[in-house]
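Peer 1: I would like to see how this sequence folds:
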Amino acid sequence: MRKIKIGYWPLSQDLVSPGDRRRLVFWAQARGHHIVTDLTQKVDVIVASEKSDFNSVHFANPKTPVIFDLIDGYLSPLNSRDDLARGIAKSLSGQISGGIKPFSDHVKDFCLAADAVICSSIEQEKMISQYNLNTHVILDSHDELPFIDAESSKFANTRDLQILWEGQPATIRGVRQISSILSQLSKNSGLRLNFVTDEKYFQFLGNYFERNTIALLKKDLKGVFKNVSLTPWTLGNLVKSARESSMAIIPIDLNVPIQRMKPENRLLIMWRLGLPCLTSSSPAYVRVTKNAGVNGVCSDPEAWHSGFVHLLNNPRSAYAEIERGQNYLRAHHTKAILLEKWDKAIDSVIR
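Peer 2: Now for the predicted structure:
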């Protein structure tokens, strides 16, 4: 492909948010393409994010193809009231122009209008393909993180255990489901929980109602809060915590559709960092663990408890889980694979 100029409506103005730097920015830099965020410039293609004004005149030029990078499952709102409230809020805040309607309707209409849609999982693709047949599944790049080989020795110390949770505060409340299990486990060991995340977050639309993450954890993990630490998210802090941890957890509130539809990125990151991981039974995690031959999915409290006991007391099994997970990464989630998928998606609209 020739070098192209890409107009981009980003998630963050400095292009450093994970949804920017691990996706379009990763591909453009690797291939030598140029990204501009000034959409008044002449470009070869425009890539729109979930924070775009879907009714902007910048998307109306029939000579400039538009690709919608739809990372999250906004086609499955929590309920009609929440969906309409999000649409109203985005209109009143000026993020979306035009008439007021449920946010999922904005997303559907933009999927229909776009020349292509990129999403993060097979499960999302099934929904999006109802509105756009030129849909491509592309996970995030994790090349910014080291590939840490599993060390059997790190799972042998059962007296001083650290469990890692990593991610954005928006997904952190899933830990409530296993609060009592963590409390029970902490009574019989030196169990510690390290949350690598943002210290503060906005509760609504990423701009409104600022909250302290540690206060949320104190509320949700009363019985084990004395064993909880919060580490501000940086690449270095994440890697350091992973090296100090025995395992990772990704509990999800499956009653929230946008959480249920999350892709497998976080699980792949934990495997990359050399950690066995227990997850909720979301469609993506069920699919990937099955394909990798890993037994990390927990569908009920009993499964969570037995999963903890098994991994924390069987170093050989924990080590084997990592080997299988990392073999899956080597076969299905490489830089070359991701770049080729981006090549195909972009080429589908400009060839």
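Peer 1: pLDDT below threshold where in the stretch 251-351 of the chain?
Peer 2: Nowhere does the stretch 251-351 of the chain drop to pLDDT under 70.
Peer 1: could you list the domains of the chain?
Peer 2: 5-142+334-350, 152-332 (automatic domain parsing).
Peer 1: save those as TSV, and put in mean neighbour count too.
Peer 2: In this view, the C-beta of every residue, glycine as well, is placed from N, C-alpha and C. As requested, those are exported to TSV (neighbours: other CB atoms under 10 Å):
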stretch	mean neighbour count
domain 5-142+334-350	18
domain 152-332	18
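Peer 1: least confident of the ones you listed, on average?
Peer 2: Lowest mean pLDDT within the domains of the chain: domain 152-332, at a mean of 90.
Peer 1: what's next to stretch 3-22, contact-wise?
Peer 2: With CB atoms under 8 Å, 6 or more residues apart in numbering as the contact definition, stretch 3-22 has outside contacts at 24-25, 28, 31-39, 41-53, 56, 58, 64, 69, 71, 140-142, 144, 346, 350.
Peer 1: now do the helices in this protein.
Peer 2: 18-21, 24-31, 80-92, 103-113, 122-128, 179-186, 213-220, 235-244, 257-260, 265-272, 283-292, 301-313, 315-332, 335-350 (DSSP state H).
Peer 1: Thr171: which of these is closest?
Peer 2: helix 257-260 (6.1 Å; CB to CB).
Peer 1: can you list contacts of that closest one?
Peer 2: So helix 257-260 is contacted by 72-74, 76-78, 171, 174, 252-254, 282-283 (CB under 8 Å, 6+ apart).
Peer 1: now it, how far from the chain's geometric center?
Peer 2: Computed by CA atoms, centre = their mean, to the nearest Å, the chain-centroid distance of helix 257-260 equals 11 Å.
Peer 1: thought Ala150 was touching Glu323?
Peer 2: Yes - if you go by CB atoms under 8 Å, Ala150 and Glu323 touch, sitting 6.0 Å apart.
Peer 1: and for these two, which residues touch both?
Peer 2: Common neighbours of Ala150 and Glu323 (CB under 8 Å, 6+ apart) do not exist.
Peer 1: from Tyr74, how far off is Leu254?
Peer 2: 17 Å (CB to CB, to the nearest Å).
Peer 1: give me the spatial nearest neighbour of Arg243, chain neighbours excluded.
Peer 2: Among residues not flanking Arg243 along the chain, Ile148 sits closest, at 7.1 Å (CB to CB, 6 or more residues apart in numbering).
Peer 1: and the gap between that neighbour and Pro251?
Peer 2: The separation that Ile148 has from Pro251, given CB to CB, amounts to 23 Å.
Peer 1: ok, Ser183 next?
Peer 2: Distance of Ser183 to Pro251, computed by CB to CB: 14 Å.
Peer 1: same check, this time on Phe147
Peer 2: From Phe147 to Pro251 the distance is 25 Å (CB to CB).
Peer 1: same question for Lys226.
Peer 2: In terms of CB to CB, Lys226 sits 20 Å off from Pro251.
Peer 1: tell me which of the contacts of stretch 3-22 fall in strands.
Peer 2: Among the contacts of stretch 3-22, the members found in strands (DSSP state E) are His34, Ile35, Val36, Val45, Ile46, Val47, Ala48, Asp69.
Peer 1: what is the fifth one paired to in the beta sheet?
Peer 2: Listed by DSSP bridges, the beta-bridge partners for Ile46 are Gly7, Val66.
Peer 1: and what of the third one?
Peer 2: For Val36, the beta-bridge partners under DSSP bridges are Gly7.
Peer 1: residues contacting it?
Peer 2: Lys5, Ile6, Gly7, Tyr8, Val43.
Peer 1: got the end-to-end distance for stretch 171-187?
Peer 2: 26 Å (CA to CA, to the nearest Å).
Peer 1: then stretch 172-191?
Peer 2: Terminal-residue distance, stretch 172-191 (CA to CA): 19 Å.
Peer 1: ok now it, how far from the chain's centre?
Peer 2: Centre-to-centre, stretch 172-191 and its host chain are 23 Å apart (CA atoms, centre = their mean).
Peer 1: ok, stretch 67-84 next?
Peer 2: On CA atoms, centre = their mean, the centre of stretch 67-84 falls 15 Å from that of its chain.
Peer 1: and the contacts of it?
Peer 2: By CB under 8 Å, 6+ apart, the surrounding residues in contact with stretch 67-84 are 19, 23-24, 45-50, 86, 101-104, 107-108, 110-111, 114-120, 124, 127-128, 132, 256-258, 260-262, 345-346, 349.
Peer 1: restricting to C-alpha, output that stretch in PDB.
Peer 2: Extracted in PDB, the C-alpha atoms of stretch 67-84 (Å, rounded to 0.1, in the frame of the first residue of the first chain):
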ATOM      1  CA  ILE A  67     -14.100   3.900   8.700                       C
ATOM      2  CA  PHE A  68     -15.800   3.600  12.100                       C
ATOM      3  CA  ASP A  69     -13.500   2.100  14.800                       C
ATOM      4  CA  LEU A  70     -16.200   0.900  17.200                       C
ATOM      5  CA  ILE A  71     -14.400  -0.600  20.100                       C
ATOM      6  CA  ASP A  72     -17.200  -1.000  22.700                       C
ATOM      7  CA  GLY A  73     -20.600  -2.700  22.500                       C
ATOM      8  CA  TYR A  74     -22.700   0.400  22.300                       C
ATOM      9  CA  LEU A  75     -25.200  -1.500  20.100                       C
ATOM     10  CA  SER A  76     -26.300  -3.300  23.300                       C
ATOM     11  CA  PRO A  77     -27.300  -0.600  25.800                       C
ATOM     12  CA  LEU A  78     -28.100  -1.400  29.400                       C
ATOM     13  CA  ASN A  79     -31.700  -0.300  29.000                       C
ATOM     14  CA  SER A  80     -33.700   2.200  26.900                       C
ATOM     15  CA  ARG A  81     -33.700   4.900  29.600                       C
ATOM     16  CA  ASP A  82     -29.900   4.700  30.000                       C
ATOM     17  CA  ASP A  83     -29.500   4.700  26.200                       C
ATOM     18  CA  LEU A  84     -31.600   7.800  25.700                       C
END
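Peer 1: with that, I have no additional questions.
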